[in-house]
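> Pasting the sequence and the predicted model now:
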Amino acid sequence: MIEIAIDGPAGAGKSTISKITAGNLKLLYIDTGAMFRAVTFYFISNNIDYENEESVNKYIDDICIELKHINGIQHIYLNGNDVTKEIRTEEISKAVSVVAKNQKIREMLLDIQRKIAKENNVVMDGRDIGTCVLPNAGLKIFLVASVEERARRRYKQLVRRGKTADYDEILVNLKKRDEQDMTREIAPLKKANDAIIIDSTNMTLEKVVKIIVTLANERF
Ligand code: CDP
């Protein structure tokens, strides 16, 4: 099976780049961040204190996460409901890194992620794909960009979606999330030894995609 792992901090362009790359190479794109977001959505919409590990663990068995691809687009289902749009708020973005620290949640999602990669040729993006989820992936990319550029991109993305956005607040949230993702005990955001670093700060999306597609064509 073909496995391409794309990891990196928030706003580096992982999801857009992974989506286009998967389309070009006819692979299935899997956005693992959406799974953590859907779990976070469950806790927030049910008013469960997601910062309390005990209460989180108590509700895990009530959470069912499923992915379906409709016309090539990933849809994420939480207990049978399509929450693809609902998970893209700043409220979820702020909370998700706290939920993602939880070991039981990570284990539950890891099972789903590995099962999908076993049955499909994938481009999978996240934080721990190259280090933990798919350690034998044939191509691993670590996609980075300066935090200011990442905040600018996130700001523009929210405005494009018709949401209100505050650049300074986004910058602070991104820095906080990077810190939480990089310093957590389980599966932190880290470059795998055999990953290739691409700094997209001054690169167009097309250029980054071209580099990855070229590498993939050489390897697979
Ligand atoms: O799209 P964005 O870069 O803002 O983030 P995302 O990919 O939707 O991921 C949201 C959060 O989920 C991350 O900040 C991580 O805390 C967590 N995550 C993770 O821990 N492991 C993954 N493989 C993917 C996401």
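Looks like it came in fine. Numbers count the residues shown, from 1 in each chain.
> got a list of contacts for stretch 163-179?
Residues from elsewhere that reach stretch 163-179, judged by C-beta atoms under 8 Å, 6 or more residues apart in numbering: 9-11, 89-90, 93-94, 96-97, 147-148, 150-152, 154-155, 158-159, 189. C-beta here means a position set from N, CA and C on the backbone, and glycine is covered the same way.
> One more: stretch 127-141?
Contacts for stretch 127-141 (C-beta under 8 Å, 6+ apart): 2-8, 32-33, 100, 110, 113-114, 117, 124, 126, 142, 181, 187-192, 194-196, 198, 212, 215-216, 219-220.
> do stretch 12-19 as well
Counting by C-beta under 8 Å, 6+ apart, 4, 6-8, 29, 31, 33, 123-126, 143-145, 150, 153, 200, 205, 208-209, 212 sit against stretch 12-19.
> For PyMOL, what selects the buried ones among the residues you listed?
If you want just the buried ones from the contacts of stretch 12-19 in PyMOL, going by 16 or more other C-beta atoms under 10 Å, the selection is:
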select buried, resi 4+6+7+8+29+31+33+123+124+125+126+143+144+145+150+153+200+208+209+212
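> Among the contacts of stretch 12-19, which lie within strands?
The strands, defined by DSSP state E, take in 4, 6-7, 29, 31, 123-126, 143-144 from the contacts of stretch 12-19.
> Near the ligand, list only the ones from the residues you listed.
residue 126 (C-beta under 6 Å from any ligand atom).
> Look up the pLDDT of the residue nearest in space to the middle of the chain for me, please.
Nearest to the mean C-alpha position of the chain, by C-alpha atoms, centre = their mean, lies residue 33 at 2.9 Å. Note for residue 33: predicted pLDDT of 97.
> Now do it against residue 195, distance only.
According to C-beta to C-beta, to the nearest Å, residue 33 and residue 195 sit 18 Å apart.
> and if you look at residue 41?
For residue 41, the distance to residue 195 - C-beta to C-beta - is 30 Å.
> So between those two, which is more surrounded?
Taking neighbours as other C-beta atoms under 10 Å, residue 41 and residue 195 compare with residue 41 leading, 24 against 21.
> Mind telling me the two of the ones in strands among the contacts of stretch 12-19 farthest from one another?
Across the ones in strands among the contacts of stretch 12-19, the longest distance by C-beta to C-beta is 20.0 Å; it joins 29 and 144.
> what about residue 185, helix or strand, and which?
Assigned by DSSP states H and E, residue 185 belongs to no helix or strand.
> Can you tell me the closest non-neighbouring residue to it?
residue 101 (7.6 Å; C-beta to C-beta, 6 or more residues apart in numbering).
> got the phi/psi numbers for that neighbour?
The phi and psi values for residue 101, taken as degrees, to the nearest 10, are phi -80, psi -20.
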